[in-house]
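In: predicted model and sequence follow; I will ask about them next.
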Amino acid sequence: MGFANRMLCNRGAAFLLLLSLLVGTTSRTVRAEEAFSFDAEEFEKKTWSNGGFAEIKWEHMDVRQGSALSLLNMYDDPQSDLDQFSGSLQLNGAYAKGIAQLHWLLNATGQEDTFGWTDTADIYETYLNLTPASGMTASVGKKSYKWGKGYAWNPVGFINRTKDPNNPEEALEGFITSDFEMIRSFSGDLQNIALTTALLPVWQGVNEDFGAEDNLNLAAKLYMLYLNTDIDFIVYSGNSRTTRFGGDFSRNLTTNFEIHGEAAYIPEVERVTLNEGGQRVRQSGSATSYLAGIRYLTEFDLTSIIEYYHNGLGYTEDEMSRFYQRVAAGETLWTSTGNDALLQQMLQLSAQGYSRPNPGRDYLYARFSLKEPFDILYFTPAVTTILNLDDQSFSVTPELTYTGITNWELQLRFSLLNGDQSTEFGEKQNSNKLELRIRYFF
């Protein structure tokens, strides 16, 4: 069966499944319209809790012909466009008994695209929490950390997974760790203080993608609520990655206006770049990254999030341009001689950093979402833009979200990537992407 036939069969089956679920949900909603009743047991602490969602998603992408990343990823099988159809299932839950609580977050995804079928099944989180006394908590297992106050980026998230700025609220896979937290409350200007320490091992088969193996790493975060300002001081030390220090803050100036910021300093870090001759070189030195942002909610429910991010570990405009030039030289060598050695070298270098979501130095992020405009219930339009301040390339993503059907969320999103030659967004694989996502929550 060809790709087009498989896509039609998959979409047809998904449509029938969606239709049956919609009918069942509607009938259950009608039957649930009963007189209000109060049940005290509903407010008791539950031993079990569980939830999650099932998702189907269709994506269509137009390939930017001749761009660096399209050449690297498809030089031997060029495409003018790409289609993806995927289904995902995410399950989360917890079980509590006495001082112990077990938490889990599981994710499975299957995807059919132009190049075939792929599927994954991952344990994002599964850890045991112990609360031996008030203000004391210990945990062990696979856990996702969300250190930092930034919405799109977290330079102080030393043991975080890296967010996708286009989907910063999506769940991420954690690391296997053990941690301990102590919390104390006070009266006065200093209202709360909490110290969290986390041990993160890197061994064969354990957190291998974090850094160098056969090391035990330590991260610590000191939190304070001082004069109604949330403040964190964070440190990481270990041999899997170099030592680093950071701090962040968040404060509500008014009930609807919040400011936040982060700063991270790495005394010694190694970067792999290309010199003017196109040769790979290793550079060592310090790096400083920082972020400043605001979140503002108007009286008519317009939420604005704006952030400036300086990535001290990122590549300069010249370093990015050299990479794109070497990819172009590799493509010329491939078409004239059939030798793809240079393209393979650039593909390896790309995986080391140049193809990260935002590999540059300076960015501006802005997201605006409006809840129920013109009194259209359950409807939220939004627009997100990311601007590379060095080369002036950008992406802009308008989206429409509807939640008017119980437990369902429908989202339509279009992303446009724009930039000149040898700029970040001008050399991305795709020039645009259209995405339809349907989620059922349970």
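Out: Yes, it's here.

In: pLDDT weak spots in the stretch 1-150 of the chain?
Out: By pLDDT under 70, the weakly predicted segments of the stretch 1-150 of the chain are 1-45.

In: mind listing the helices for it?
Out: 3-31, 68-74 (DSSP state H, counting those that start in this stretch).

In: just how off-centre is the shortest one within its chain?
Out: Spelled out, it's helix 68-74. 23 Å (C-alpha atoms, centre = their mean, to the nearest Å).

In: which residues sit against that helix?
Out: 63-64, 78, 323-324, 327-328, 330-331, 343, 346-347, 350, 355, 427-430 (C-beta atoms under 8 Å, 6 or more residues apart in numbering). The C-beta positions use only the backbone N, C-alpha and C, and glycine is treated the same way.

In: would you show me how to pick out the buried ones of the residues you listed in ChimeraX?
Out: To isolate the buried members of the contacts of helix 68-74 in ChimeraX, using 16 or more other C-beta atoms under 10 Å:
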select :63,64,323,324,327,328,330,331,343,346,347,350,355,427,428,429,430
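
In: filter the contacts of helix 68-74 down to just the ones in strands.
Out: 63, 430 (DSSP state E).

In: and the contacts of helix 68-74, which of them are in helices?
Out: 323, 324, 327, 328, 330, 331, 343, 346, 347 (DSSP state H).

In: looking at those, spot the one nearest residue 119.
Out: Nearest to residue 119, judged by C-beta to C-beta, of the ones in helices among the contacts of helix 68-74 is residue 347 at 23.9 Å.

In: which residue packs closest to that closest one, ignoring adjacent ones?
Out: Closest residue in space to residue 347, ignoring its immediate chain neighbours: residue 72 at 5.0 Å, by C-beta to C-beta, 6 or more residues apart in numbering.

In: what's the burial count for that neighbour?
Out: Using other C-beta atoms under 10 Å, residue 72 is surrounded by 23 other residues.

In: next one: it from residue 419, what distance?
Out: 17 Å (C-beta to C-beta, to the nearest Å).

In: again, but for residue 127
Out: 42 Å.

In: next: residue 380.
Out: 29 Å.

In: repeat for residue 240
Out: For residue 240, the distance to residue 419 - C-beta to C-beta - is 35 Å.

In: residue 304 now?
Out: 24 Å.

In: higher neighbour count, those two?
Out: residue 419 (20 against 15).

In: tell me who's in contact with the more buried one.
Out: 388, 391, 392, 393, 394, 425, 426, 427.

In: state the phi and psi torsions of the second one.
Out: With angles defined as degrees, to the nearest 10, residue 391 sits at phi -110, psi 0.

In: my guess is it contacts residue 319. True?
Out: No - between residue 391 and residue 319 there is no contact, the gap being 11.5 Å when judged by C-beta atoms under 8 Å.

In: ok, these two, which is more surrounded?
Out: Applying other C-beta under 10 Å to residue 391 and residue 319 shows that residue 391 carries more neighbours, namely 21 against 18.

In: excluding chain neighbours, what is closest to the more buried one?
Out: Nearest to residue 391 is residue 423, by C-beta to C-beta, 6+ apart, at 4.0 Å.

In: and residue 104, by the same measure?
Out: Residue 104 sits nearest to residue 126 (C-beta to C-beta, 6+ apart), 4.5 Å away.

In: who's that neighbour bridged to?
Out: Beta-bridge pairing for residue 126 (DSSP bridges): residue 104, residue 142.

In: please state the offset of the helix or strand residue 225 falls within from the chain centre?
Out: For residue 225, the host element (DSSP states H and E) is strand 215-226. Relative to its chain's centre, strand 215-226 lies at 22 Å (C-alpha atoms, centre = their mean).

In: just the buried positions in that strand, please.
Out: 215, 217, 219, 221, 223, 224, 225.

In: what of stretch 393-411?
Out: Neighbour count says stretch 393-411 has 393, 394, 395, 396, 397, 399, 401, 402, 403, 408, 409, 411 buried, by 16+ other C-beta under 10 Å.

In: cool, and stretch 208-217?
Out: Neighbour-count burial for stretch 208-217 [16+ other C-beta under 10 Å]: 210, 215, 217.

In: pLDDT averaged over that stretch, what's the number?
Out: Stretch 208-217 shows a mean pLDDT of 96 in the predicted model.
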